[in-house]
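A.B. asks: give the three-dimensional model of this entry:
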Amino acid sequence: MTLTAERPVGATFDAVAIAESLSEQIAAGAAEADAEDRFVAENYALLKGAGLVEAGVPKELGGGGAEVRELAAMLRVLARSCGSTALAFAMHTHQVAIPAWRWKYQKVAAVEPLLKRIAADRIILLSSGGSDWINGSGVARKVEGGYRISGRKIFTSGAAAGDVFMTGAVLEEDGQKYVLHFGASMKAPEVKILDTWHTLGMRGTGSHDVVLDELFVPDAGVALKRKAGEWHPLFHIISTIAFPLIYAAYLGVADSACRIALELAKKRPITHDTRALAGKMVTELRGAEAAHETMLAAVDRNAPSADTVNDVMMGKTLGADHAIRAVELAMELASGAGFYRAAGLERRFRDIQGARFHAMQRGPQSQYAGALALGESVATVF
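C.D. replies: As a prediction, the model looks like this:
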């Protein structure tokens, strides 16, 4: 079913301005969703109604035509109001940006029907990236005409709002392990959401576990078959494009935490220590911004590779460190006032902790960067 009128080709679209126009409404329910461990469904309805679901679809296919830089700026704005909304929506956004990049820069026609469907019907894509990294997860069993898929996928952000689950499963064949990639309808009876997302932070993302129980995927539904445990060129694209979008959400969280802390600090007499804390905090925020810029610069090269993945992942590690430290300093600067939930700072403090846990975490990232620096292969470093 088409939810909106078709977007005229060439129409002006400003994803950042739209996000800014929604800021107050998105912020309104953020604290309640966090307190109740409730998915930010109302905010997703706002995003859908405003046309941000299809922001990354090329204009020629009916979308907004926003590229990664604009999408990252959009997510940063959303995160200032609600980190959970921005992070969950980043998972949809990168699943749109990747096929859009392939359509525009690699001329891959096979992704066009999906992109057109996103633009026409405003479907929400889910990602199982948190449980389907290079090794993959779940089990694929060959049957006549396709495969039967079973598995449990963790960290499925926005699960309750999803239409198509972009995921994978491991197939054992001729003594080798392969990962099959496919999209699964969230309405299929073999797909179930488990109420598991009860967490320290980012509570409103609704990142519940999703279980696939003998789901049938036809041969034609398999978009990619690759070796498990090895980098594939598609994962160079995925990693280069996805993580600058995901970490734009964390940058927005740090941004808003610093703003709150400064406002609280201005209500007290400014001392030498206050001034020094504020200076350290904004310096750490600038470090997070600079690190994120290196991630976006890697995307700008339009040449995903092991080297761009390295640049993105180094930026990710540095950006996370600076963002987390900026929010820690924001808590110090705000002093006791920041300890109250009403200030909104303690929620940002909890939400920013999620920046520690996305792939590649510090250990694998250091191994990857070190191997490249030493001229070694990174084919199995992840």
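
A.B. asks: mind listing the helices for the chain?
C.D. replies: For the chain, the helices identified by DSSP state H occupy 15-28, 30-35, 41-49, 68-81, 83-105, 112-121, 233-265, 272-300, 306-334, 345-352, 362-373, in order along the chain.

A.B. asks: rounded mean pLDDT for stretch 270-289, please.
C.D. replies: For stretch 270-289, mean pLDDT is 98.

A.B. asks: need the contact partners of that stretch.
C.D. replies: Contacts made with stretch 270-289 from outside it, assessed by CB atoms under 8 Å, 6 or more residues apart in numbering, are listed as 250-251, 254-255, 258, 261-262, 265, 268, 318-319, 322-323, 325-326, 329-330, 332-333. To be clear about C-beta, it is placed using only N, CA and C from the backbone, and glycine gets the same treatment.

A.B. asks: quick one on the thing from earlier: closest one to Asp213 among the helices of the chain?
C.D. replies: Taking CB to CB as the criterion, Asp213 comes closest to helix 83-105 out of the helices of the chain, the separation being 22.6 Å.

A.B. asks: that older thread, possible to save the helices of the chain as a markdown table with distance to Ala188 and mean neighbour count?
C.D. replies: Compiled in a markdown table, those are given as follows (distance: least, CB to CB, whole Å; neighbours: other CB atoms under 10 Å):
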| stretch | distance to Ala188 | mean neighbour count |
| --- | --- | --- |
| helix 15-28 | 31 | 17 |
| helix 30-35 | 27 | 17 |
| helix 41-49 | 21 | 18 |
| helix 68-81 | 29 | 25 |
| helix 83-105 | 18 | 26 |
| helix 112-121 | 17 | 19 |
| helix 233-265 | 24 | 24 |
| helix 272-300 | 33 | 18 |
| helix 306-334 | 33 | 23 |
| helix 345-352 | 32 | 24 |
| helix 362-373 | 33 | 15 |
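
A.B. asks: now render these as CSV, adding distance to Ala220.
C.D. replies: Shown next, in CSV, are those (distance: least, CB to CB, whole Å):
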stretch, distance to Ala220
helix 15-28, 33
helix 30-35, 39
helix 41-49, 29
helix 68-81, 30
helix 83-105, 17
helix 112-121, 12
helix 233-265, 18
helix 272-300, 31
helix 306-334, 30
helix 345-352, 40
helix 362-373, 34
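
A.B. asks: so which of these gets nearest Ala160?
C.D. replies: Checking the helices of the chain against Ala160 by CB to CB gives helix 41-49 as the closest, at 6.6 Å.

A.B. asks: what mean pLDDT does that closest one get?
C.D. replies: Averaging pLDDT residue by residue across helix 41-49 gives 98.

A.B. asks: quick one: the closest residue in space to Leu329 that isn't next to it in sequence and Leu251, what's the gap?
C.D. replies: With CB to CB, 6 or more residues apart in numbering as the measure, Met281 is the residue that lies nearest to Leu329, at 3.9 Å, once sequence neighbours are left out. For Met281, the distance to Leu251 (CB to CB, to the nearest Å) stands at 14 Å.
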